[in-house]
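Visitor: Mind looking at a prediction? Sequence and model below.
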Amino acid sequence: SLDPSKEMIIHGRVYDVSSFVKRHPGGSIIKFQLGADATDAYNNFHMRSKKADKMLHSLPSRPAHADYAQDALSQDFEKLRLQLKEEGYFEPNLRHVAYRIIEVIAMYWAGIQLIWSGYWFLGAIVAGLAQGRCGWLQHEGGHYSLTGNIKIDRHLQMAIYGLGCGMSGCYWRNQHNKHHATPQKLGTDPDPADDAARGIPQDHCRSGEGCEGQRRGLPGMPRSSSAAESARSSPLAGKLCSIPRHALRVQNHLELAYMALRYVLWHCAFGYLGLLGSLRLYAFYVAVGGTYIFTNFAVSHTHKDVVPPTKHISWCLYSANHTTNCTNSPFVNWWMAYLNFQIEHHLFPSMPQYNHPTIAPRVRALFEKHGVEYDVRPYLECFRVSMPN
């Protein structure tokens, strides 16, 4: 048996992490796996880190009970992961990364040129979409799937997120990895709490009992709230206040420099509009980018069931039961930067996302073999069930 206060199973061994929890480089996320089999989480969070293996092997451990084995779905999932790794699906494509970077630069430049030419409304929309595209791109940097080099990808994420979105990569990694570890789990996944702050309803169970099987509906939260309304407040407040404060607290001066440079460049480009005009333009541009990002976040999770705080489920079932794919099409793939393959992304967060359409049939076959639902819907259907939820 496991001591849920300090032990977890990884690769068939029981590890005592009591002396390591506070030293864990990823922070408190390690606590989410206490008392459970953390093999799949470990493999998928740390597949590019030799340092993680050294740390793991330094911890006290013992063999798991002779009768212990992962469930059949998890065993077949690991076989698939190793096959995909052997076939090169986790290897980054630098040409694709270069294309993505050139795309956001070109979109920003087009937006600026339109604004300078007097088409401020259209220009702000184009620049806002570029900001959203930066969000997709930094997301891959945070998962170390741009170049596959952790240090380089972290720096790329800081630059893309700081300049392109005015946000902090280190803050994003801390929050987003928690989401990946336990999607839709109350008390550990920060997204349901963020959804409520943005006006997206969430389940209101406080005890955690009876939560699963319910869709999120927060009493007292106006059901007319929308991603657009939240985008006018939360992103701008975060950019100007909470995100820089976080970077200051952790003393990430390079991220602060990138975020500060963003506002210097904005002033250089649009200072001629005056303070009020520049701020109005900035607020609208941020609202466009925020609406683009948050709307596409919503279609993947917000209509799915939540998980009670005390319940442990497997890595595969988190992906199967608490995420949704949007139908594969060239436009949707571009619009969502392949995050319409949310099931594949949650199963393999370190895989470059453009590979998801290719591997999706194999994931579907895995789920069907084990009688697990593979939830894929048209984009507009995902939008329809998410927005009024």
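Guide: Thanks, I have the structure now. Residues are numbered from 1 along each chain as shown.

Visitor: Just give the nearest non-adjacent residue to Ala124, would you?
Guide: Counting by Cβ to Cβ, 6 or more residues apart in numbering, Ala124 lies nearest to Tyr285, which is 4.5 Å off, once chain neighbours are set aside. Backbone N, C-alpha and C define where each C-beta goes, glycine included.

Visitor: The one you found: neighbouring residues, count only.
Guide: Look at Tyr285: counted by other Cβ atoms under 10 Å, it has 25 neighbours.

Visitor: now do Phe348
Guide: Residues contacting Phe348 under the criterion other Cβ under 10 Å number 28.

Visitor: how about it, what does it touch?
Guide: Neighbouring residues of Phe348 by Cβ atoms under 8 Å, 6 or more residues apart in numbering: 44, 81, 84, 89-90, 359.

Visitor: how does it look with 7 Å?
Guide: By Cβ atoms under 7 Å, 6 or more residues apart in numbering, Phe348 lies in contact with 44, 81.

Visitor: now do Leu84
Guide: 90, 359.

Visitor: my read: Phe32 touches Thr188, true?
Guide: Yes. The pair Phe32 and Thr188 qualifies as a contact (Cβ atoms under 7 Å) at a distance of 5.1 Å.

Visitor: Identify the contacts common to these two.
Guide: 181-182.

Visitor: what helix or strand does the residue nearest to Ala124 sit in?
Guide: Here Tyr285 sits within helix 274-301, counting by DSSP states H and E.

Visitor: Next SSE downstream of that helix?
Guide: Counting by DSSP H and E, what follows helix 274-301 is helix 315-322.

Visitor: Touching the following helix or strand past that next one from outside, list them.
Guide: For helix 315-322, the succeeding helix or strand toward the C-terminus, using DSSP H and E, is strand 325-326. Residues outside strand 325-326 that contact it (Cβ under 7 Å, 6+ apart): 299, 332, 336, 340-343, 375-377, 379, 382.

Visitor: what about Met351, which SS state?
Guide: The assignment at Met351 comes out as coil when based on DSSP: H, G, I helix; E, B strand; the rest coil.

Visitor: so who does it touch?
Guide: By Cβ under 7 Å, 6+ apart, Met351 lies in contact with 89-90, 145.

Visitor: Could you do Ser49 as well?
Guide: Residues near Ser49 by Cβ under 7 Å, 6+ apart: Ile150.

Visitor: hmm, 10 Å instead?
Guide: 25, 55-56, 144, 150, 350 (Cβ atoms under 10 Å, 6 or more residues apart in numbering).

Visitor: Kindly provide the distance from it to Val250.
Guide: Distance, Ser49 to Val250, using Cβ to Cβ, to the nearest Å: 20 Å.

Visitor: same question, Phe32
Guide: Distance of Phe32 to Val250, given as Cβ to Cβ: 21 Å.

Visitor: what about those two, which has more around it?
Guide: Remark: of Phe32 and Val250, Phe32 carries more neighbours, 19 against 12, as counted by other Cβ under 10 Å.

Visitor: neighbours around Tyr144, how many?
Guide: Neighbour count for Tyr144, taken as other Cβ under 10 Å: 25.

Visitor: That one contacts Ala52, doesn't it?
Guide: No. Using Cβ atoms under 10 Å, Tyr144 is not in contact with Ala52; the gap is 11.8 Å.

Visitor: list the residues that contact both of these two?
Guide: 45-46.

Visitor: now for the helix or strand harbouring Ile359, which elements pack on it?
Guide: Using DSSP H and E, Ile359 sits within helix 356-369. Contacts defined by 3 or more Cβ pairs under 10 Å, 6 or more residues apart in numbering; DSSP states H and E place helix 356-369 against helix 72-86, helix 315-322, strand 325-326, helix 330-335, helix 342-347.

Visitor: by contact count, what packs against the next helix or strand after that helix?
Guide: Proceeding N to C from helix 356-369, the next assigned helix or strand is strand 376-377, under DSSP H and E. Using 3+ Cβ pairs under 10 Å, 6+ apart, the elements in contact with strand 376-377 are strand 325-326, helix 379-386.

Visitor: Next up, identify which helix or strand Gly164 is on.
Guide: Counting by DSSP H and E, the element that carries Gly164 is helix 150-165.

Visitor: Relative to Glu140, how far out is the most centrally placed residue in the chain?
Guide: For the chain, the residue nearest the mean C-alpha position is His176 (4.6 Å; Cα atoms, centre = their mean). Relative to Glu140, His176 is positioned 12 Å away (Cβ to Cβ).
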